[in-house]
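[1] Sequence first, predicted model second:
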Amino acid sequence: MELDKPLGSVIQGSLSQGLEVRLHPDVLVEEMRVGKFLVVQGARSRFFCMLTDIALGTASQRILANPPEPSNQFLQQVLAGTGTYGTIDLTPMLMFTPKPLQTTSSSPAAAQPSPSRNGLASYQAQSSADMELLPVKTIPGHFSQVYDASERDFRAVFGWEDDPHRRNFSIGQPIDMEVPICLDLDRFVERSNGIFGKSGTGKSFLTRLLLSGIIRKQAAVNLIFDMHSEYGWEAVSEGKRFSTVKGLRQLFPGQVQIFTLDPEATKRRGVRDAQELYISFDQIDVEDLMLVRGELNLSEASLENAIILRNEFGKAWINRLLTMTNEEIQEFCETKMGSKSSIMALQRKLTRLSDLKYLRHTCPHNYVGQILETLDAGKHVVVEFGSQSNMLSYMLATNVIARRIHASYVRKADRFLQTKNPSDRPQQLMITIEEAHRFLDPA
């Protein structure tokens, strides 16, 4: 069997800092790319690594003090690989370890494969079923050889899309190979995930791709808070030339429902069959205001008095507060031990909520309940904000809706744990939030 060409040797490293590899003389440093996947073959295990840094090294400071002339190609070639060389830094991500052999022999030596100095040949002689994929808990020894990751390595780590036992979904390819990189969607939807990047790097494109995979593979139902109206119907594509790409509603017309907090803006964009969405003041709790206290500039004293008002008036406490006169506030503070200045400041700042188009003093229809019914039916929901996309509007609506849906799912999960009936098991729900970092207090 023809072996892969080694790229370099491990010269030093640690589990916490990664591995330093010296490239072989016949390997051009320009062929290395940050983000490239490589494997290091140890005596027993094969380490799947990512290239994180590239550097140039010299064997002597005299070479740096007196470098060869640009025209002296012969001396440059003499120094290459000995006096001058390239190094790369690798971060081990996973390790392939041979499974213990099943044997009836009583000899300890027969239970474990003996280490082989020709580690690559030993690895290639074993099938995938003989290898176990584990987190990295150790590192390879000095002078272990480094190779390009093969298609077999990628399949062992990321799986393949036509795997009948998993919901794998291909999201792209490595920078230097035509091998699909797959996500196990069943595991993906069970975790909290983040997509980070600078503006214009394709965060929305990748998010739309992942959501499409989840819908197509039926891994979960999605609740998407679409701050910039990029996922529901259509969005502007990346690039210098103006063009649009289809949104989830166009790609999966029977499986996606759009709710809009700004019906007029949604209609202007040509979106058909979008459901209107309104929130009433009695659906806003003090906990919702705590999460937007920075946007409303609410003090601790104002929030403490909001709790007193809620305990007195129940769900209608905001409506009652907005209609109270100074005399009524004074009388309330005398009987309930509240602070008049804090309650008046709270009243003044909550009047900003009246500017939000989707808020109503009373709302006869339970739109949040309608979203829950849509999710229970297995449909995916996109909540568009249109012109109501300032941070106060976005964070308030997202918190009010998400908190109530979370509470409903907690009740459903408790019922399922009590009955153990498969029909009571709630569908896996994934909530997608644009600008999610805004919900994290910098403190």
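    Received, thanks.
[2] Which neighbouring elements make contact with the longest strand anywhere in the chain?
    For the chain, the longest strand by residue count, based on DSSP state E, is strand 84-98. Applying 3 or more Cβ pairs under 8 Å, 6 or more residues apart in numbering; DSSP states H and E, we find strand 84-98 packed against strand 8-14, strand 18-23, strand 37-41, strand 46-58, strand 131-135, helix 151-158. To be clear about C-beta, it is placed using only N, CA and C from the backbone, and glycine gets the same treatment.
[3] could you give the angle of it to strand 8-14?
    Between strand 84-98 and strand 8-14, the angle comes out at 80 degrees (axes from the mean of the first three to the mean of the last three Cα atoms, to 10 degrees).
[4] and of the helices and strands packed on strand 84-98, who's closest to E31?
    Distance to E31, taken as Cβ to Cβ, is lowest for strand 18-23 among these, at 9.0 Å.
[5] and the closest one, what other elements does it pack with?
    Using 3+ Cβ pairs under 8 Å, 6+ apart, the elements in contact with strand 18-23 are strand 8-14, strand 46-58, strand 84-98.
[6] rewinding a little: CSV please, covering the helices and strands packed on strand 84-98 and showing mean neighbour count and mean pLDDT.
    What follows is the helices and strands packed on strand 84-98, written out as CSV (neighbours: other Cβ atoms under 10 Å; pLDDT from 0 to 100):
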stretch, mean neighbour count, mean pLDDT
strand 8-14, 17, 94
strand 18-23, 21, 94
strand 37-41, 25, 93
strand 46-58, 17, 93
strand 131-135, 12, 85
helix 151-158, 17, 88
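[7] Quick check: which of the ones you listed is nearest to T201?
    Of all the helices and strands packed on strand 84-98, strand 46-58 comes closest under Cβ to Cβ, at 18.4 Å.
[8] For the following helix or strand past the closest one, buried residues please.
    Downstream of strand 46-58, the first helix or strand assigned by DSSP states H and E is helix 61-65. For helix 61-65, the neighbour count (16 or more other Cβ atoms under 10 Å) marks no residue as buried.
[9] and the longest helix for the chain?
    Within the chain, and with DSSP state H defining each element, the longest helix by residue count is helix 391-419.
[10] so where is the stretch 51-200 of the chain shaky, pLDDT-wise?
    81, 100-130 (pLDDT under 70).
[11] at 80 instead, please
    62-66, 69, 72-82, 99-131, 175-176, 200 (pLDDT under 80).
[12] ok so, going back, turn the helices and strands packed on strand 18-23 into TSV, including distance to H142.
    Shown next, in TSV, are the helices and strands packed on strand 18-23 (distance: least, Cβ to Cβ, whole Å):
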stretch	distance to H142
strand 8-14	6
strand 46-58	14
strand 84-98	14
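[13] which parts of the longest helix of the chain are buried?
    For helix 391-419, a neighbour-count test (16+ other Cβ under 10 Å) marks 392-405, 408, 412 as buried.
[14] so for it, what's the average pLDDT?
    Averaging pLDDT along helix 391-419 gives 89.
[15] Give the next helix or strand downstream of that helix.
    strand 429-433.
[16] before we move on, the earlier item: go through the helices and strands packed on strand 84-98 and name the closest to A345.
    Of those, nearest to A345 by Cβ to Cβ is strand 46-58, at 51.3 Å.
[17] relative to strand 37-41, how tilted is that closest one?
    Counting by the same axes, to 10 degrees, strand 46-58 lies at 100 degrees to strand 37-41.
[18] Against I343, how distant is M391?
    Distance, M391 to I343, using Cβ to Cβ, to the nearest Å: 25 Å.
[19] what does S204 give?
    In terms of Cβ to Cβ, S204 sits 42 Å off from I343.
[20] same check, this time on T374
    Distance from T374 to I343, counting by Cβ to Cβ: 38 Å.
[21] Which one's more surrounded, those two?
    Higher neighbour count among T374 and I343: I343, with 23 against 18, using other Cβ atoms under 10 Å.
[22] How about the more buried one: what's its closest non-neighbour residue?
    Spatial nearest neighbour of I343, chain neighbours left out: N305 (5.0 Å); criterion: Cβ to Cβ, 6 or more residues apart in numbering.
[23] what sits against L322?
    Shown in contact with L322 (Cβ atoms under 8 Å, 6 or more residues apart in numbering): F281, Q347, L350, T351, S354.
[24] re the thing from before, which of the buried residues of helix 391-419 sits closest to V136?
    For the buried residues of helix 391-419, the minimum distance to V136 (Cβ to Cβ) is 35.8 Å, reached by A402.
[25] The spatially closest residue to V189 that is not a sequence neighbour: what's it in contact with?
    Counting by Cβ to Cβ, 6+ apart, the nearest residue to V189 once its immediate chain neighbours are dropped is A220, at 4.1 Å. Contacts for A220 (Cβ under 8 Å, 6+ apart) come out as L185, V189, I214, Q427, Q428, L429, M430.
[26] Could you check how far A220 is from V292?
    28 Å.
[27] Likewise for D53?
    According to Cβ to Cβ, D53 and V292 sit 42 Å apart.
[28] now G83
    63 Å.
[29] neighbour-wise, which of those two wins?
    Set G83 next to V292 and count neighbours by other Cβ under 10 Å: V292 wins out with 20 against 16.
[30] So the more buried one sits against M395, correct?
    Yes. With contact defined as Cβ atoms under 8 Å, V292 reaches M395; the gap is 5.0 Å.
[31] picking up where we left off before, so what does the longest helix of the chain touch, helix or strand wise?
    strand 221-226, strand 279-280, helix 286-291, helix 293-296, helix 367-376, strand 429-433.
[32] where does the stretch 201-350 of the chain dip in pLDDT?
    Along the stretch 201-350 of the chain, the parts satisfying pLDDT under 80 run over 235-243, 272.
[33] L209 and I171 touch, don't they?
    Yes. Using Cβ under 8 Å, L209 makes contact with I171 at a distance of 6.0 Å.
[34] from the chain's centre, how far out does stretch 302-321 sit?
    The chain centre lies 37 Å from the centre of stretch 302-321; the measure is Cα atoms, centre = their mean, to the nearest Å.
[35] Tell me the span between the first and last residue of it.
    One end of stretch 302-321 sits 12 Å from the other (Cα to Cα, to the nearest Å).
[36] buried ones in it?
    S302, L303, N305, A306, I308, L309, R310, F313, W317, I318, R320, L321.
[37] How about the contacts made by the last one?
    Contact criterion Cβ under 8 Å, 6+ apart gives L309, F313, I343, L346, Q347, L350 as the residues in contact with L321.
[38] Could you identify the most distant pair in the contacts of L322?
    Pairwise distances across the contacts of L322 peak at 12.9 Å for F281 and Q347 (criterion: Cβ to Cβ).
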